[in-house]
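Novice: 3D model of this:
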Amino acid sequence: MTDPLLNAASDYYELFSEVSGADAEAWARARAFGDEVLPEINDYWQRAEYPLDLVRRAGELDLFTDGLDVPGHAKLSPLGAGLVNMELSRIDGSISTALAVQGGLALRCVVLYGSDEQRERWTEPLATGEVLGAFALTEPDHGSDSVSLATTAVRDGDSWILNGEKRWIGNGASGGITVVWARRSDTGEVGGFIVQQDTPGYEAEVIEDKAAMRAIHQAAITFRDVRVPDSARLPGATSFKDTAAVLSATRVGVAWSALGHALACYQEALEHAKTRVQFGRPLAKSQIIQQRLANMSMQITTMQLHCRRLAELESAGKLDATQASMAKVNNTRLARAIAADARDMLGGNGILLTRDVIRHMVDIEAIHTYEGTDTMQSLIVGRQLTGMGAFV
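Specialist: Residues are numbered from 1 along each chain as shown. Next up, the predicted model:
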């Protein structure tokens, strides 16, 4: 399938020109979804409101499965899942983050680590968006140092009692379920628990005053003697290695997301350069503008090559977590540079929400940090290269 939005201007090496089957169909649905989102998203973003109707619409369009094998839903290849992520990010960062949380994190935990009963109960509602899912790992004092999390799960007969705090939890205050990662009293290892958000002792407050990702709510959560049955424990999640496996998968998604944001900024800058007349001629006739556009195209091509190669490695079962880290760092760095260049090229118009670039520019700041900061991911790659850790 040749996508009209990814022609010689924005897919210079035609890396995605032969996508077909279920992957192409999902990509097309994601692209069409943009026609529904774009007329509304700036208003939601400006008001810092979470458009739950649009999130659930994404579920209706079967855009939440993130390449997972979910009965009754299209099975996408890693390339197809990446293109859906890219496309939703090209539309809006808050919407693509909802996909990452709902499918990439919450649904992935249930599918990979849940019991038969848990998968039977929660997989379909999460896949369709009927139930919103959250992934609670980050804590106020443990972000990059998440392996040292302080939230506890103490066994009490046939139940577990959870105490602690979490922060920056997407969908954490949306009325659904939260996959909570806590240190177990019996093993000392990290385990996962499915907690319904109306459980007594679960207190969630939407984080306000964000300057990025304003159209999705993240929560600060406090667990005060939250009692859940043992049937809420994810039996397949027995250590932090299981948590890290989920994060590695979604780290690839961040690389794709950065590509989507960069494409949106680049396409807006290209259109502006071709239509904006200054000194009696289009900006695109200026040598410096053509040089800047060519440089942006080269940067995007580099990002696309990283994403395409990761999809190939994942399909072959050969993807290493450090490779995902490299792609995440590379693509978010380049996305920041492209967004800044696009905003500058648009002049004063570049700060208007109606031109979209500024929204993407500040949302890129969020993805540059989440799923592991630039520094942490660089150190992961550095440890692989040198054989020596330098985290402290």
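Novice: contacting residues around the residue nearest to the spatial centre of the chain?
Specialist: Compute the mean C-alpha point of the chain, and by CA atoms, centre = their mean the closest residue is Ala100, 3.9 Å away. When contacts are counted by CB atoms under 8 Å, 6 or more residues apart in numbering, Ala100 touches Asp66, Asn85, Gly170, Thr250, Gly253, Val254, Ser257. Every residue, glycine included, has its C-beta placed from N, CA and C.
Novice: neighbour-wise, which of those leads?
Specialist: Greatest neighbour count in the contacts of Ala100, by other CB atoms under 10 Å, goes to Ser257: 34 neighbours.
Novice: low-confidence ranges in the stretch 251-392 of the chain?
Specialist: By pLDDT under 70, the stretch 251-392 of the chain has no low-scoring segment.
Novice: can you give me the strands in it?
Specialist: Here the stretch 251-392 of the chain has its strands, by DSSP state E, counting those that start in this stretch, at 277-278, 281-282.
Novice: Nearest approach to Asn330 belongs to which of those strands?
Specialist: strand 281-282 (32.3 Å; CB to CB).
Novice: For Ala232, which of the strands of the stretch 251-392 of the chain is the nearest?
Specialist: The nearest among those, by CB to CB, is strand 281-282 at 60.7 Å.
Novice: Adjacent strands (with direction) for the closest one?
Specialist: Strand 281-282 has its sheet partners listed here by DSSP bridges as strand 277-278 (antiparallel).
Novice: Would you format the contacts of Ala100 as JSON lines with distance to Asp225 included?
Specialist: JSON lines is the format used below for the contacts of Ala100 (distance: CB to CB, whole Å):
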{"residue": "Asp66", "distance to Asp225": "34"}
{"residue": "Asn85", "distance to Asp225": "38"}
{"residue": "Gly170", "distance to Asp225": "25"}
{"residue": "Thr250", "distance to Asp225": "30"}
{"residue": "Gly253", "distance to Asp225": "35"}
{"residue": "Val254", "distance to Asp225": "35"}
{"residue": "Ser257", "distance to Asp225": "37"}
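Novice: of all those residues, which comes closest to Ala106?
Specialist: Proximity of the contacts of Ala100 to Ala106 (CB to CB) peaks at Gly170, which lies at 9.2 Å.
Novice: right, and the closest one touches Lys210 too?
Specialist: No - Gly170 is not in contact with Lys210 according to CB atoms under 8 Å; the separation is 11.6 Å.
Novice: And Ile95, how close does it get to Leu63?
Specialist: Distance of Ile95 to Leu63, computed by CB to CB, to the nearest Å: 10 Å.
Novice: now do Ala106
Specialist: Between Ala106 and Leu63 the distance is 14 Å, computed by CB to CB.
Novice: now swap in Arg233 and tell me
Specialist: Taking CB to CB, one finds Arg233 at 29 Å from Leu63.
Novice: higher neighbour count, these two?
Specialist: More crowded of Arg233 and Leu63, by other CB under 10 Å: Leu63, with 30 against 24.
Novice: Any buried residues in the lengthiest helix in the chain, and which?
Specialist: Ranked by number of residues, the top helix in the chain under DSSP state H is helix 240-275. Neighbour counts over helix 240-275 (16 or more other CB atoms under 10 Å) mark 240, 242-243, 246-270, 272-273 as buried.
Novice: Name the residues contacting each of Gly170 and Lys210.
Specialist: Common neighbours of Gly170 and Lys210 (CB under 8 Å, 6+ apart) are Gln218.
Novice: Who are the packing partners of the longest helix of the chain?
Specialist: helix 78-91, helix 93-99, helix 108-113, strand 190-196, strand 281-282, helix 287-315, helix 321-345, helix 357-369 (3 or more CB pairs under 8 Å, 6 or more residues apart in numbering; DSSP states H and E).
Novice: In terms of secondary structure, what does the longest one contact?
Specialist: For helix 287-315, the contact count by 3+ CB pairs under 8 Å, 6+ apart identifies helix 78-91, helix 240-275, helix 321-345 as packing neighbours.
Novice: Work out the gap between that helix and the centre of the chain.
Specialist: 19 Å (CA atoms, centre = their mean, to the nearest Å).
Novice: Buried residues in that helix, which are they?
Specialist: For helix 287-315, by 16+ other CB under 10 Å, it's 289, 292-293, 296-297, 299-300, 303-304, 306-308, 310-311, 313-314.
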